[in-house]
Structures are given as C-alpha cells and as structure tokens.
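S.K.: coordinates only, no sequence provided:
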C-alpha cells in the first residue's frame, strides 16, 4: 500500500512539474510581418521609356507643370478684379480658380474672358483652359497645389474627375 501511494505521489509530482514547465510557457507566435513598401518611383515623364510617344502623355512631368502653374498664377493675379488665383497644370490643360474682389463691382464673365485671353496669349501650348469661381473647386485646386508642393506625385490626383467637375459648371 505504501508503494502504491508513493507511486501515485511520484506520478502526480511528475505530472504537475510537466504541466508547470510545459503548459505554462507562452506559445511562440510568428513575428508580425512588416508591410512591404515599394521603392518610390519618380513621377516624371523624363524617366519613362524613350520610345514612348509624348503626344499620348496626358499629363506632363510635375516640376514643369508646377513651374508653369506658378507663372500662370502670376499672370492671372494681375488681372483687374482677381484677388488670388489657384492654378493647376496637367499636361496641356490648365485649371484656374479665381477669387474675385467682392468690393469691386466686377462682371465675372468679363474677368474670366480677360483671364482666358491673357493665359492663352502667354501659353499657346495649352489646349484646354478651365476657369471657375466656385469656392469648393478653388479649395480642391488649393489642396492639389499643396500636395504637389509637399512632393506628392501628380498621379495621386484624379484629373479626369476634376475636368468633369469644371465641365459641369
């Protein structure tokens, strides 16, 4: 009876020890996988295949477009009645938002016509020119300009939707 009791105690002790060391250890979980981030790709037509037809490129390289937008904005800001403009150039299309002087009694359509004439005279390479005074659209152009200034690629923006928005106005 003593041997039976000793065997029972010994087996219980071995069972408890194996539970403590084997059952209480944390399960090894696989380390979380780091998301794979692609290498940044320059959004510049100059880096594209040299055999590519430039006439099929709808949007120009960002630096040239940004410089052209700044030049156009300075032309537009000099038009009487315009307080501030927001200009985005994508390819051969310019999108212009006008903040008109509310203190002056200005005819919006006359100001738009003056802006159109001045911009086309200075930039004959532009095929399309869209001009708006809609505050929401001007804010959208401001956001695009800010993003470009921060280095976001122009492919981030949906210029087709922007163009549709201008056509609806």
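M.R.: Everything's here; your move. Keep in mind that what you see is a predicted model, and the values were worked out from it rather than measured.

S.K.: which residues touch the helix or strand hosting residue 113?
M.R.: The secondary structure element spanning residue 113 is helix 108-122 (assigned by DSSP states H and E). Residues external to helix 108-122 that are found in contact with it (CB atoms under 8 Å, 6 or more residues apart in numbering): 71-72, 75-76, 78-82, 85, 94, 96, 98, 100, 126, 129, 131, 133. Glycine gets a C-beta too; all of them are placed from N, C-alpha and C.

S.K.: beyond that helix, next helix or strand please.
M.R.: strand 128-132.

S.K.: quick one: work out the angle between the next helix or strand after that following strand and strand 128-132.
M.R.: Remark: after strand 128-132, the chain's next helix or strand is helix 135-149, criterion DSSP H and E. Orientation check (axes from the mean of the first three to the mean of the last three CA atoms, to 10 degrees): helix 135-149 against strand 128-132 gives 120 degrees.

S.K.: helices and strands around helix 135-149, which ones?
M.R.: In terms of contacts (3 or more CB pairs under 8 Å, 6 or more residues apart in numbering; DSSP states H and E), helix 135-149 is packed against helix 62-77, strand 82-90, strand 93-100, helix 159-168.

S.K.: could you check the third one and say which residues are buried?
M.R.: Under the neighbour-count criterion of 16 or more other CB atoms under 10 Å, strand 93-100 has 93, 94, 95, 96, 97, 98, 100 buried.

S.K.: ok so, going back, need the helices and strands packed on helix 135-149 in CSV with distance to residue 12 and mean pLDDT, can you?
M.R.: Shown next, in CSV, are these (distance: least, CB to CB, whole Å; pLDDT from 0 to 100):
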stretch, distance to residue 12, mean pLDDT
helix 62-77, 75, 81
strand 82-90, 79, 91
strand 93-100, 82, 91
helix 159-168, 74, 79
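
S.K.: I'd like those laid out as a markdown table, including distance to residue 4.
M.R.: What follows is the helices and strands packed on helix 135-149, written out as a markdown table (distance: least, CB to CB, whole Å):
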| stretch | distance to residue 4 |
| --- | --- |
| helix 62-77 | 87 |
| strand 82-90 | 90 |
| strand 93-100 | 93 |
| helix 159-168 | 85 |
